[in-house]
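*Asks:* predicted structure and sequence below. I'll ask about it afterward.
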Amino acid sequence: MIDLERLYQASSAEDVRVAIEAAVREGRLHPGDRIPSVRSAARGSGLSPATVAAAYRELGRRGVTMAAGGRGGTVIAPHPPLGGHTGPRPRRGQRDLASGHPDPALLPEWGDLLGALPRRSLQYGAPTLDPDLADLARRRLRADGVDATHLTVVSGAMDGVERVLAARLRPGDPVAVEDPCYHGSLDLLRAMSFRLLPVTVDARGMLPSALEQALARGARAVLITPRSQNPFGSSLDGARRAELRAALDAHPETLVIEDDHAEAVGGGSVIGVAPPGWPSWAVIRSVSKSLGPDLRVAAVCGDATTVARVEGRMAVGPGWVSHLLQRLVAGLWSRPGIDAVLAGAADVYARRRRALIGALERRGVTAYGRTGFNVWVPVPEETAAFVALWEAGYDVQAGERFRLLAPPAIRITCARLDVSEADAVAEAVARTAEYAGRVAY
């Protein structure tokens, strides 16, 4: 818990912020914990309510705290941007169906490529973008119908999302996001002080009517996952893309960002939501799910201004993405038969996903997962479902971190779930309703 003595010794708004951040950093306050009300903190410290309120606003702006919703008050955010909070750790003794990670056995090996890497480091002043990687990235994006004329490289999908948003928006701007949405995206947007506007999704992606409502409420940007949507598994088709483009047509000032984090390895084929010639847009393609999480490389293509701003900000910060990583990705993308390898992985993921969904449906349990590594299962009460599955030996994710207004659910990662395990998992999920009925709230 928070050290109230330290908080009540505060003599300024900065002292209040430091006391609360220290409690989070040192593990005395955890995500979801409530902090003292403004009035309580003001009485205890002798500061004015206005001073404490200013401190709390700054903590919220930094993404450390957030409003507690229906419960009222202020709580620690799900993933505060402070050291020591890297997300849930694997739990010993449980079957891991929570992590959301790709199957290591389906990632290509790169040992044979290491000998071809440069023997010495490139020096300052070298081109920041490896020409072979750029050429391969452009070819792959153009094959999917995306204009890759303007292209750069960043350190992964979330790095790309952050840099594109920073290039175009200001803190406080509203951003339309999928609901449910990848919790890492929500954490990032909160840490950047953007206002989240939820857009309902179905199996084919954002609902056009819901996107229209978010745009009417002033959304300055739209963050879309065109396929392998995490956690719902949505995947755009041509008709839905056309409907989303029609919704955007009346709002040409809107930044459109597509997070193509799994390329085709998770299934799906339609990307490129921004209409041709759109003023501000970006498609971010990471290799983390297809080639390996430790390859912190993502290609960013978009309009000339957005890409130039991302490149310029990189130049005055980290400078560039390691050429060793760029060369490894270029080597993998140019390896003969690599597309067949990735297609084979996509087929395995699809069979595992379909096996689990089918097993659930045979037991009367609704589940969603058109593409990707996860299955989204609506439940009456998340905690009861989580505990029941935990007691059955399965570690899953409660849906709360992924949801804004969407109803309760759990996320089950099936990327490493053998087809033969599907029935046992589905049976455990089906029993969660019985467990919930025994729990007194």
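*Replies:* Sure, I can see it.
*Asks:* can we go C-alpha only for contacts and neighbour counts from here?
*Replies:* Noted.
*Asks:* so what does Val199 look like in phi/psi?
*Replies:* Main-chain dihedrals, Val199, degrees, to the nearest 10: phi -120, psi 120.
*Asks:* kindly apply the preceding question to Ser269 instead.
*Replies:* According to degrees, to the nearest 10, Ser269 has phi -140, psi -10.
*Asks:* confirm Glu258 sits in a strand?
*Replies:* Yes. Looking at Glu258 with DSSP: H, G, I helix; E, B strand; the rest coil, it is inside a strand.
*Asks:* my read is that it contacts Arg227, right?
*Replies:* No. Counting by CA atoms under 8 Å, Glu258 sits too far from Arg227 to count as a contact (9.6 Å).
*Asks:* give me the more crowded residue out of those two.
*Replies:* Comparing Glu258 with Arg227 by other CA atoms under 10 Å, the one with more neighbours is Arg227, at 31 against 23.
*Asks:* all helices of the stretch 301-441 of the chain, in order?
*Replies:* Applying DSSP state H, counting those that start in this stretch to the stretch 301-441 of the chain gives helices spanning 304-315, 323-333, 338-362, 382-391, 422-430, 432-438.
*Asks:* what do Glu258 and Arg227 both touch?
*Replies:* The contact sets of Glu258 and Arg227 overlap at Ile271 (CA atoms under 8 Å, 6 or more residues apart in numbering).
*Asks:* if we can go back for a sec, let's have the helices of the stretch 301-441 of the chain in JSON lines, adding mean pLDDT, distance to Ser11 and mean neighbour count.
*Replies:* Compiled in JSON lines, the helices of the stretch 301-441 of the chain are given as follows (pLDDT from 0 to 100; distance: least, CA to CA, whole Å; neighbours: other CA atoms under 10 Å):
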{"stretch": "helix 304-315", "mean pLDDT": "95", "distance to Ser11": "37", "mean neighbour count": "18"}
{"stretch": "helix 323-333", "mean pLDDT": "96", "distance to Ser11": "48", "mean neighbour count": "20"}
{"stretch": "helix 338-362", "mean pLDDT": "97", "distance to Ser11": "56", "mean neighbour count": "19"}
{"stretch": "helix 382-391", "mean pLDDT": "88", "distance to Ser11": "40", "mean neighbour count": "20"}
{"stretch": "helix 422-430", "mean pLDDT": "96", "distance to Ser11": "52", "mean neighbour count": "19"}
{"stretch": "helix 432-438", "mean pLDDT": "58", "distance to Ser11": "48", "mean neighbour count": "15"}
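*Asks:* identify the residue spatially nearest to the residue at the greatest distance from the centre of the chain, adjacent ones excluded.
*Replies:* Most distant from the centre of the chain: Gly46, at 40.9 Å, with distances by CA atoms, centre = their mean. Among residues not flanking Gly46 along the chain, Tyr8 sits closest, at 7.6 Å (CA to CA, 6 or more residues apart in numbering).
*Asks:* dump the residue contacts of that neighbour.
*Replies:* Tyr8 neighbours (CA under 8 Å, 6+ apart): Ala41, Gly44, Ser45, Gly46.
*Asks:* could you check how far it is from Ala23?
*Replies:* As judged by CA to CA, to the nearest Å, Tyr8 and Ala23 stand 14 Å apart.
*Asks:* same thing with Asp96?
*Replies:* Counting by CA to CA, the gap from Asp96 to Ala23 is 30 Å.
*Asks:* likewise His30?
*Replies:* 9 Å.
*Asks:* kindly report the same for Asp260.
*Replies:* Taken as CA to CA, the span from Asp260 to Ala23 is 36 Å.
*Asks:* the more surrounded of those two?
*Replies:* Asp260 (23 against 18).
*Asks:* who's that one bridged to?
*Replies:* Judged by DSSP bridges, the bridge partners of Asp260 are Arg285.
*Asks:* hmm, Leu223 and it touching each other?
*Replies:* No. Counting by CA under 8 Å, Asp260 stays clear of Leu223, with 10.8 Å between them.
*Asks:* ranges for the strands of the stretch 1-150 of the chain?
*Replies:* 65-67, 74-76, 95-96 (DSSP state E, counting those that start in this stretch).
*Asks:* got these as TSV, with mean neighbour count, distance to Glu421 and mean pLDDT columns?
*Replies:* Shown next, in TSV, are these (neighbours: other CA atoms under 10 Å; distance: least, CA to CA, whole Å; pLDDT from 0 to 100):
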stretch	mean neighbour count	distance to Glu421	mean pLDDT
strand 65-67	22	39	79
strand 74-76	22	37	85
strand 95-96	18	11	92
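*Asks:* distance to Ala53 added to the ones you listed, as JSON lines?
*Replies:* What follows is the strands of the stretch 1-150 of the chain, written out as JSON lines (distance: least, CA to CA, whole Å):
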{"stretch": "strand 65-67", "distance to Ala53": "12"}
{"stretch": "strand 74-76", "distance to Ala53": "11"}
{"stretch": "strand 95-96", "distance to Ala53": "41"}
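*Asks:* if anything else comes up later, I'll come back, but that's it for now.
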